[in-house]
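Undergrad: mind folding the following:
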Amino acid sequence: MTSPLSPTATTIVTFRELVRRLTGSSADSEELPVNTTSKLFLKAFPHGGLTGPRWSPYTNQGTAGMRNLESDTPVQTPPTTAMETPRPIVVRDVWQDNLEQEFSEIARALHHHRFVALDTEFPGHVFPAPCRNHSKLSPAENYLSMKRNVDATKIIQLGLALCDANGDSCLVWQFNFRDFNKETDLFNPDSITLLERQGIDFQKNREMGINSVDFARLIVNSGLLRNPTITWATFHGAYDFGYSIKILIGRELPFDLMKFMGLVVHFFGYRVFDIKNMIRMCDGLYGGLEKVAKALGVDRVAGSCHQAGSDSLLTLHTIMKLKNVRFFGKFLIEFQLVLYGLEVDRTRLLTAPKFPKIIYVMHPGNCCLSIPYCLQPIKCGPRVFQGSYGGYYV
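TA: As a prediction, this is how the structure comes out:
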């Protein structure tokens, strides 16, 4: 039998009924001594109500539902609301028909989402590197191997994941390109089989995919590029930046590694971080993205592996967890602008003056892009006209 003062008793009684139960007398017919109320209060609240939870004999919900002891009227308290369940993260697929609309959404999101993770899917390595172990090759050799593959193949997907400074409110976009043609373009058969197994429909990409020229025009106008407030994250990001820059400049990558890194700075700024490089300083962290994420306790919450949108989101969650767990919530400047396998003298990039001259390249489709004048191709056309702002039009 439950005591009338037990916290599990939920029956609501009046004050006089409580008096009758505690004193064993009839509260309606007997005169109560002056100090009866004080004795009853101390019996119900042995600590005088000054310490411990403020439990009420009328309910097991703390002080909610307490009655006014003078009027026997329940005190109305606002109902407690349950915590809202966080909405699941959805990877937004982008095709040619919704490309402009989705870039408009990205431009609006940039007001509060300043951390961006980048990932790409491509047809694999068609020209194997001289050595499978990247650490045994010089940065220049790694770059030439990457350049050779990027120049010879075409991008399939590009993923962008955005979040705020706390790693919350994540937004993910997956751009599906039409450039790659399985019937005519070079590819690694094992890579294409893996991508098909993960759900990429190459025929749909050819029919509904994005024209990379339109992508370049819209991403330049979105506010993502040349924005010093944005921090970029990748995992082993040489190829991710390689394909991105190839799209942006509309031509093959430069032969010189320093010129390539100059393009990275030109378009993406100085706040560029590669997780693969950062984990060199972390004991127990090694391997690919999935293995590093698992070691940090990061789960894939949307999509499947080897799809650019899902991988970019996992990259974003991993670098935020890595920052908080291993680097005290800070992005260390020593990791800035160091892409794994393409390590260069960062002081030359950080202290180099801005490119004094700019070339404005007119893509088909009236897309005007600016690239450093020093990267002018050997054959750039019969005439080069100086622009009104110190640039050069090709």
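Undergrad: please make it C-alpha for all contacts and neighbour counts, starting now.
TA: Will do.
Undergrad: from the contact counts, what lies against the strand or helix carrying residue 311?
TA: Using DSSP states H and E, residue 311 sits in helix 308-326. If you count contacts as 3 or more C-alpha pairs under 8 Å, 6 or more residues apart in numbering; DSSP states H and E, helix 308-326 packs onto strand 115-121, strand 157-163, strand 171-176, strand 231-234, helix 289-295.
Undergrad: can you show me the CA trace of that helix as CSV?
TA: Provided in CSV are the C-alpha atoms of helix 308-326 (Å, rounded to 0.1, in the frame of the first residue of the first chain):
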residue,chain,number,x,y,z
ALA,A,308,30.1,12.3,-53.0
GLY,A,309,27.3,13.9,-50.9
SER,A,310,27.5,11.2,-48.2
ASP,A,311,31.3,11.2,-48.1
SER,A,312,31.5,15.0,-47.9
LEU,A,313,29.1,14.9,-44.9
LEU,A,314,31.2,12.2,-43.2
THR,A,315,34.3,14.3,-43.9
LEU,A,316,32.7,17.3,-42.3
HIS,A,317,31.6,15.4,-39.1
THR,A,318,35.1,13.8,-38.9
ILE,A,319,37.0,17.0,-39.0
MET,A,320,34.7,18.7,-36.5
LYS,A,321,35.2,15.7,-34.1
LEU,A,322,38.9,15.6,-34.7
LYS,A,323,39.2,19.3,-34.0
ASN,A,324,37.3,19.0,-30.7
VAL,A,325,38.9,15.8,-29.5
ARG,A,326,42.5,16.1,-30.6
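Undergrad: by how many degrees do that helix and strand 157-163 diverge?
TA: Angle of helix 308-326 versus strand 157-163, following axes from the mean of the first three to the mean of the last three C-alpha atoms, to 10 degrees, is 40 degrees.
Undergrad: buried set for helix 308-326?
TA: Neighbour-count burial for helix 308-326, counted by 16 or more other C-alpha atoms under 10 Å, picks out 308-323.
Undergrad: spit out the contact partners of residue 192.
TA: If you count contacts by C-alpha atoms under 8 Å, 6 or more residues apart in numbering, residue 192 has them with 123, 124.
Undergrad: against residue 126, how distant is it?
TA: Distance of residue 192 to residue 126, given as C-alpha to C-alpha, to the nearest Å: 11 Å.
Undergrad: likewise residue 139?
TA: The value you get for residue 139 to residue 126, if C-alpha to C-alpha is used, is 20 Å.
Undergrad: settle this for me: residue 260 is touching residue 252, isn't it.
TA: No: with contact defined as C-alpha atoms under 8 Å, residue 260 does not reach residue 252; the gap is 10.8 Å.
Undergrad: which residue comes closest to residue 241 once chain neighbours are left out?
TA: Leaving aside its sequence neighbours, residue 241 sits nearest to residue 264 (C-alpha to C-alpha, 6 or more residues apart in numbering; 7.2 Å).
Undergrad: what number of residues lie near the one you found?
TA: 19 (other C-alpha atoms under 10 Å).
Undergrad: moving C-terminal of the strand or helix carrying it, what's the next helix or strand?
TA: For residue 264, the host element (DSSP H and E) is helix 257-268. With elements assigned by DSSP H and E, the helix or strand that comes after helix 257-268 is strand 272-274.
Undergrad: which residues touch that next one?
TA: Around strand 272-274, the neighbours that count as contacts under C-alpha under 8 Å, 6+ apart are 231-237, 335-340.
Undergrad: ditto for stretch 118-127
TA: Under the criterion C-alpha under 8 Å, 6+ apart, residues 145, 148-149, 153-161, 186-188, 191-192, 232-235, 237, 239-240, 243, 306-309, 311-312, 315 lie in contact with stretch 118-127.
Undergrad: recalculate using a threshold of 6 Å.
TA: The contact list for stretch 118-127 (C-alpha atoms under 6 Å, 6 or more residues apart in numbering) reads 155-160, 187-188, 191, 234, 240, 308, 312.
Undergrad: how many residues are close by residue 127?
TA: Residues near residue 127, counting by other C-alpha under 10 Å, number 14.
Undergrad: same check, this time on residue 164
TA: The number of residues packed near residue 164 is 17, by other C-alpha under 10 Å.
Undergrad: how much space separates residue 119 from residue 237?
TA: Distance from residue 119 to residue 237, by C-alpha to C-alpha: 8 Å.
Undergrad: perfect, I'm done here.
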